[in-house]
Structure formats: C-alpha cells, structure tokens
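Novice: Fold the stuff below for me.
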Amino acid sequence: MTLPPSPPIWLLLKKHLSSALCGLGSLFFLPTAWGLDTLPVTGPIVRISDMAPISVGQLVQAVLSADVAVLGEVHDNPRHHQLRGELLRQLPAASKTVVAEHLSWRLRFKEGGELLTNLQAAGFEEKGWGWPLHQPLFEAVTAMQMPLVGGNLPGESIKEVFKTRGQSLPEAVRSLLAKTPFDEQQRKAMDEEIDQGHCGAMPASMFEGMAAVQRGRDAAMAEVALAHLPSIVVAGNGHAWKHLGVPFVVYKSSPHLHTLSVLFMEWDDMRPSLEKQAFLAELAQQADYVWLTPPHPRKDPCESLRKK
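Specialist: Prediction:
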C-alpha cells in the first residue's frame, strides 16, 4: 500500500473545520453525555474518518467488530491504562486474545496466583514499565478471562537487532517484514518519529538501526495478533499508527482482515480550538479513533538533553 501524500493542513481544515467544530463543541463541554457511566471519561473520543464525536459504547462496538484492534497509550499516563482496562471490561468475556507490548514475544500469561508474579514470568519488567501503572489494564484482561500473550521482542535481543539492522530477527518476524516493506515516504516518516522521539539528539547514523528495532517490534506484535484472531494489541501509540505500526503490518499482509487503530493522546485544553482541529485532521491517514485526555504531569524528557 503506497500512502498518498498528506494534503496541506489548510485543505484539511477547509474540509473538516465547520462540521468538526459544531460536532465536537458539545462533546468537549458535556463529558457526561458520552455513554457508559463506569468509564472515567476525561476527554472526547473522535472518529477520524468524519471528525465525528462518538460515545464510549460506539467505540466498544468498533473494537468488538475488528479482527485486530490496536489500542495505543502514552506509557506513563495512568489514565490511559485505566481507560483501556475499563474498555476491555465492556467486551464479552473471553471474546478476544490480548497481545501485550509489555510481555515477551509468544510467551503466554498463566492464570492463577499473584498477578505481577505471573506477568514477570511472561517477560514483564516491573521497573521498566513502572508498575503498578499498568495494573488496571491487566486486571481487566484477567477479569474478562481473555487469553494474554506477549508480543514484544525480548529485551536481550534488541541490541543485536540494532547492530544487524534487523537481520537477527526471528524468521517469522523477518518473513512478515519482507511482505510489508516501507516506501520512501514511510521511511522518512519513521526517521522523523525516531528523531522527534529522541528530542532531535540522536545521530542520523543510528536511525537505520532504530528503525529496524521499531519495525521488528511492530512485526512481532502483528505476528502474534494474526496467530490469535480476533485479537487486541495493547502498546504505545508509536506502534498503533496505521501508516507505520502494527496496523500497517496486519493490513499489508492480510488485507482481508478488519484492522482498527485507537490512539490515546494527551491535550492540555479540552475546549474546541482551531489548533486541535488541525491536529486531528492531520491524523486522517494515521488512526481510526483518538481518545484525548489531559496530560499526565511529568518533567520535560528533553530538558536534560538540551543542557548537554
């Protein structure tokens, strides 16, 4: 799939702005009208295809209807894990297999006993993932009796993947990547994501290795998701992009499947604005739904790099 070039932002605004402002306005100001009272709603849910605000119930149905749904996150935002956990609780029990970025590739979570201990046995790193941030998510998975399988490359293999530019990836992952090559536009987009994600401080000479790691992780999660249909992948937003991440690998390798991308993103002002509409319009090729939440308080991750 060759992606069309992104249209100028003023064209996107011209197309979407008037209807989006009318539709989103009520949602920004009436958060209690979104649907299920059990969810700790903190911001609007937007269907990107038509910029329409939707209810939690509508999002639940969209996730339920997908063969592979990818739910993103900002890793250190506890509300994102809480919201995704509650979202899973609205699905029928045992209706999906959950594939987690937080667990090692193909390792199965075993029920019974203490939750954290069982997660660690499947490759979960307590310190690295900041436990108990993800506790609400995994408690929901177990409560809903959903099989849980690891999708990420083992940590000890990452350095070798970086050094070999992906040649050391497992055969099943390399085979999937061979079927889903990037075009030049996507390679540039991936480099930009890597550059921005590292505050512009990473030498360009490292981009190829970092891209191999990112693509390897995407393909590893996609491989597990495809082996356990219907499935839900829970991962960072960087893996949930339709044009670069897990959804792209699934779509490119299995175009007959219905793939869904849901981003959980932060915005510091929940009121309607031209800036917000432009931001959402830019996501037209990159996601199916976006759930906006207030940002989680944190130090600027780039501050230490700027001082160097």
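
Novice: Mind checking the pLDDT average for stretch 164-173?
Specialist: The average pLDDT within stretch 164-173 is 96.

Novice: what's the answer for stretch 196-206, then?
Specialist: Over the span of stretch 196-206, the pLDDT mean works out to 90.

Novice: Kindly check the end-to-end length of it for me.
Specialist: 13 Å (CA to CA, to the nearest Å).

Novice: buried ones in that stretch?
Specialist: 198, 202 (16 or more other CB atoms under 10 Å). Where C-beta positions appear, they are placed from N, C-alpha and C, glycine not excepted.

Novice: just how off-centre is it within its chain?
Specialist: Distance, stretch centre to chain centre, for stretch 196-206: 21 Å (CA atoms, centre = their mean, to the nearest Å).

Novice: Kindly report the same for stretch 287-295.
Specialist: For stretch 287-295 - counting by CA atoms, centre = their mean - the centre lies 10 Å from the chain centre.

Novice: just stretch 120-134 next, same as before
Specialist: With CA atoms, centre = their mean, you get 18 Å for stretch 120-134.

Novice: With stretch 45-64 instead?
Specialist: Put simply, stretch 45-64 sits 16 Å off its chain's centre (CA atoms, centre = their mean).

Novice: Give me the buried positions along it.
Specialist: Going by 16+ other CB under 10 Å, stretch 45-64 has these buried residues: 45-48, 51, 53-56, 58-60, 62-64.

Novice: quick one: what helix or strand has the residue nearest to residue 301 when sequence neighbours are not counted in it?
Specialist: Nearest non-adjacent residue to residue 301, counting by CB to CB, 6 or more residues apart in numbering: residue 199, 6.9 Å away. Using DSSP states H and E, residue 199 sits in no helix or strand.

Novice: can you tell me which two in the buried residues of stretch 45-64 are farthest apart?
Specialist: Farthest apart among these by CB to CB are 51 and 64. That separation is 22.6 Å.

Novice: got the CA coordinates for stretch 283-297 in PDB?
Specialist: The C-alpha coordinates for stretch 283-297 follow below in PDB (Å, rounded to 0.1, in the frame of the first residue of the first chain):
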ATOM      1  CA  LEU A 283      -4.300  12.100  11.700                       C
ATOM      2  CA  ALA A 284      -6.600  11.200   8.800                       C
ATOM      3  CA  GLN A 285      -4.100   8.600   7.400                       C
ATOM      4  CA  GLN A 286      -2.700   7.600  10.800                       C
ATOM      5  CA  ALA A 287      -5.600   6.400  13.000                       C
ATOM      6  CA  ASP A 288      -9.200   5.400  13.100                       C
ATOM      7  CA  TYR A 289     -10.100   6.800  16.500                       C
ATOM      8  CA  VAL A 290      -8.500   9.200  19.000                       C
ATOM      9  CA  TRP A 291      -9.300   9.500  22.700                       C
ATOM     10  CA  LEU A 292      -8.000  12.700  24.000                       C
ATOM     11  CA  THR A 293      -7.100  13.100  27.700                       C
ATOM     12  CA  PRO A 294      -5.400  15.800  29.800                       C
ATOM     13  CA  PRO A 295      -1.700  15.300  30.000                       C
ATOM     14  CA  HIS A 296      -0.100  13.500  32.900                       C
ATOM     15  CA  PRO A 297       2.300  15.800  34.900                       C
END
